[in-house]
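J.: Dropping the sequence and predicted coords here.
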Amino acid sequence: MAGSRIIVESNNDQYFFDALIRFLEKDNCEIQSTEIDWEVQSAEESIEKPTGLKRAILSTFNDITKGKYDKIGIIWDLDTLTKEERIRQFNNAFRLADAESSYSVQFTEMTETNQFVSVVINEVSVDVACHLVNLDGKGEIEDILKAIKTQDSPIADCVDKLLPECLNANHEKELREKDLVKLWINHYIRFDTLVKNNRNQANTKWENVMKKRSDIFDFGKEVKELSEIKEFLNMFMNS
Amino acid sequence: MIKSIVINNFRCFEKACFKGFKQINLIGGLNNAGKTAFLEAVYLYKGYNFKSSHLANLYKFRHINQDKLRPILERQFYNDLFWQQNNELTISFEESFDDDTASLRLSLSLDKDGFITVDSTENRLKNIISTVFLPTDYKLSSIDIVKAYDEIEMKGEEEILLQAFRVIDPEIEKVRSFASNPISLYIRKKGGNFLPINFWGDALNKMAFYILHIIQNKGGILLIDEIENGIHYTHHFEFWKSLITLCIKYDVQLFATSHSLEMIKAYNEVAKETQNEEICNYFEMIRHVKTGEITANVMTMDMLEYEIAKNQPFRGE
């Protein structure tokens, strides 16, 4: 049986989604995930010429002709673009990959997120879908993690509350909301969930946190944006 | 320059279409993926000029002792040329062009007496070019190597060989042929004596064969099976640099196969560094998951670099 490839923006995102998939399998024994391979690409690309995403798609085409995948997903942060612009960027990446490849590619353009469209590469049919996080400025992965914490977080909360006030009082540079959430996560994983002796790199490296200490987050908690991601990932799993 | 080929009923190819050839083409793939058969197809299609020796050379490429086989009749050999040894089929090779120029075609079939009959379009005959195939254990005899060397020395191009040898061993000072016993190409290192090339390692011998063939085969096609054989990985980069430079200089189209990750990486690095990406492609030979037909994933140097960097499989796995 062929597996899936999901293209994400960063290694950190990949570790988060991997942890989520592991949780989904524990949560519902009837769900068996197909083998999911991750492909990491930077999201900072032009809408009309997304070169990195094109390369990732071309590489995936190679594997599709070998029968490795029958589903391709793209999970991307909306960032400063509109939903329509992001979808256009994905379609452009497929179009550019088609133009550069030696394959015969029949591609149905994506018009909506979370819906499969069919792509046929050298007579091999695959399903392609995309999911956008951070719609309406909410639901960035760090926001989700903050909302599903399982431990008390006095240090992270305190820094989060006092730092903007301090910066403001001293007329220092302002930190964006996004940066503050990242700092909250850093403080939470290092200071609130580890005793002093264990605050080393092995325990605070994001990959290790997601692989070995993911119970400091409750992936079963009802959070709208998290549920949407789960639904999307379920599209790539066999029931 | 050949840019595409359609192969029907030849060896392991029932029906295969390969396109995207450039001047320098490196082919990877699993064992028995059809890499050598592909080289043979190009060899036959571009070079076959109705001389029986051209067909008979296919024995040599497969390391079959022709003398021992002769009593079994050539028919058995011919059978092996056909897909699944079905000699009722017709083998064909076809080349088509983007600009709708009439396609070129060569076909082979067996008549009822077991003799091969060949049919070729007129325009293919006009486009036959010198095509040299170097199988995995290829060796030139001492006499042939001397002849080839003398030829390039007479053209004043012997320095090219010396420079290429220095890629393998910078201490090499002089190369020349001697008619004294044994007749051979001789190499001398700084402070040393002349020694016949046969006494030097595989890498120098391979380098000599490849380079002499490129120089002798101006405007032709060179087909090299398992190009990495005998060449230490530390020399791969400079080896490719010499080979690509010479192929450009002598207008030779190169098709080479390789299993070696280091060799493929070096090829990619040289193409990028020397800004020759536009004339280089990499082909991953695979079986189509649905049809079972042999096909190739064609990769630009940009894509090959990406696959290498991402640790993606690109050798048929």
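T.: Okay, I see it. Just so it is clear, the model here is predicted, and its values are computed rather than measured.
J.: ok, and the closest non-adjacent residue to the residue in chain A that chain B sits nearest to?
T.: At 3.2 Å from chain B, A:Gly67 is the closest residue in chain A, using C-beta to the nearest C-beta. From N, CA and C alone the C-beta is placed, and that goes for glycine too. Excluding its sequence neighbours, the residue lying closest to A:Gly67 (C-beta to C-beta, 6 or more residues apart in numbering or on different chains) is B:Val289, at 3.2 Å.
J.: And the lowest mean pLDDT element among the helices and strands of the chain?
T.: Defaulting to chain A. strand A:32-33 (a mean of 40; mean pLDDT, DSSP states H and E).
J.: switch to chain B, that's the one I care about
T.: That would be, for chain B by mean pLDDT, DSSP H and E, helix B:66-69 at a mean of 57.
J.: thinking again about what came up before, and the residue of chain A closest to chain B, that's in a helix?
T.: No: A:Gly67: not assigned to a helix; according to DSSP: H, G, I helix; E, B strand; the rest coil it is coil.
J.: now it: how far from B:Gly230?
T.: 35 Å (C-beta to C-beta, to the nearest Å).
J.: What parts of chain A come near chain B?
T.: Residues of chain A lying close to chain B by C-beta under 8 Å from any C-beta of the partner chain are A:39, A:55, A:58-59, A:61-63, A:65-67, A:100-102, A:122-124.
J.: Out of those, grab the one that's most surrounded.
T.: A:Phe61 (26 neighbours; other C-beta atoms under 10 Å in any protein chain shown).
J.: which sections of chain A are below the confidence cut-off?
T.: A:1, A:26-38, A:41-44, A:135-139, A:172, A:238-239 (pLDDT under 70).
J.: mind giving me the domain ranges of it?
T.: Domain assignment for chain A by automatic domain parsing gives A:3-135+A:226-238, A:149-216.
J.: Give me whichever of those domains is most buried.
T.: Ranked by mean neighbour count, the domains of chain A are led by domain A:3-135+A:226-238 with a mean of 18 (mean count of other C-beta atoms under 10 Å in any protein chain shown).
J.: Distance from the chain centre to that domain, please.
T.: 10 Å (C-alpha atoms, centre = their mean, to the nearest Å).
J.: Show me what residue of chain B gets nearest to chain A.
T.: Scanning chain B for proximity to chain A using C-beta to the nearest C-beta identifies B:Val289 as nearest, at 3.2 Å.
J.: so who does that residue touch?
T.: A:Thr65, A:Lys66, A:Gly67, A:Val124 (C-beta atoms under 8 Å, 6 or more residues apart in numbering or on different chains).
J.: cool, B:Asp169 as well?
T.: So B:Asp169 contacts B:Lys189, B:Leu204 (C-beta under 8 Å, 6+ apart).
J.: pLDDT score for it?
T.: At B:Asp169, the model reports a pLDDT of 89.
J.: B:Glu74 too?
T.: We have a pLDDT of 55 for B:Glu74.
J.: Next: B:Tyr233.
T.: What the model reports as pLDDT for B:Tyr233 is 92.
J.: and it, how many neighbours?
T.: Residues within reach of B:Tyr233, counting by other C-beta under 10 Å, total 14.
J.: same thing with the one 3 residues further on?
T.: Neighbours of B:His236 under the rule other C-beta under 10 Å: 22.
J.: do the one 5 residues further on as well
T.: Counted by other C-beta under 10 Å, the residues lying close to B:Lys241 total 19.
J.: nearest residue to it other than its sequence neighbours?
T.: The shortest distance from B:Lys241 to any non-neighbouring residue, by C-beta to C-beta, 6+ apart, is to B:Val270 (5.2 Å).
J.: so that neighbour makes contact with B:Asn276?
T.: Yes: contact criterion C-beta atoms under 8 Å: B:Val270 and B:Asn276 qualify, at 7.5 Å.
J.: Find residues that contact each of those two.
T.: B:Ile244.
J.: Pull up the residues of the stretch 51-200 of chain B that are close to chain A.
T.: Residues of the stretch 51-200 of chain B lying near chain A (C-beta under 8 Å from any C-beta): none found.
J.: All the strands of the stretch 51-200 of chain B, residue numbers only.
T.: Listed in chain order, the strands found in the stretch 51-200 of chain B under DSSP state E, counting those that start in this stretch are B:91-95, B:104-110, B:116-120, B:131-134, B:172-178, B:184-189, B:195-196.
J.: what do you get for chain A?
T.: Taking DSSP state E as the criterion, chain A carries its strands at A:3-8, A:32-33, A:36-40, A:69-77, A:105-107, A:117-121, A:124-133, A:237-238.
J.: quick one: strands adjacent to the fourth one?
T.: Paired with strand A:69-77 in the same sheet, following DSSP bridges, are strand A:3-8 (parallel), strand A:124-133 (parallel).
J.: low pLDDT regions in the stretch 151-300 of chain B?
T.: If you take pLDDT under 70 as the line, the stretch 151-300 of chain B has no such spans.
J.: wait, which of the residues of chain A next to chain B is closest to A:Glu85?
T.: Ranked by distance to A:Glu85 (C-beta to C-beta), the residues of chain A next to chain B are led by A:Arg55 at 20.4 Å.
J.: For the residue nearest to the closest one when sequence neighbours are not counted, what is the enclosing helix or strand?
T.: Counting by C-beta to C-beta, 6+ apart, A:Arg55 lies nearest to B:Tyr306, which is 4.7 Å off, once chain neighbours are set aside. Using DSSP states H and E, B:Tyr306 sits in helix B:301-309.
J.: List the buried residues in that helix.
T.: B:Met301, B:Asp302, B:Met303, B:Leu304, B:Glu305, B:Tyr306, B:Glu307, B:Ile308 (16 or more other C-beta atoms under 10 Å in any protein chain shown).
J.: Which strands or helices does that helix pack on?
T.: helix A:51-65, helix B:261-273, strand B:280-287 (3 or more C-beta pairs under 8 Å, 6 or more residues apart in numbering or on different chains; DSSP states H and E).
J.: what angle separates it from helix A:51-65?
T.: Calculated by axes from the mean of the first three to the mean of the last three C-alpha atoms, to 10 degrees, helix B:301-309 forms an angle of 70 degrees with helix A:51-65.
J.: and for helix B:301-309, what are the contacting residues?
T.: Outside of helix B:301-309, the residues within contact range by C-beta under 8 Å, 6+ apart are A:55, A:58-59, A:62, A:100, B:264-265, B:268, B:271-272, B:277, B:280-282, B:299, B:312-314.
J.: residues near the closest residue to A:Ile185 other than its chain neighbours, how many?
T.: With C-beta to C-beta, 6+ apart as the criterion, A:Ile185 has its nearest non-adjacent residue at 5.3 Å, and that residue is A:Glu142. A:Glu142 has 19 neighbours, counted by other C-beta under 10 Å.
J.: Of the contacts of B:Val289, which is the nearest to B:Ile91?
T.: Distances from B:Ile91 to the contacts of B:Val289, taken by C-beta to C-beta, are shortest for A:Thr65, at 25.4 Å.
J.: Geometric centre of chain B: which residue is closest?
T.: What sits nearest the mean C-alpha location of chain B, by C-alpha atoms, centre = their mean, is B:Leu223, with 1.2 Å.
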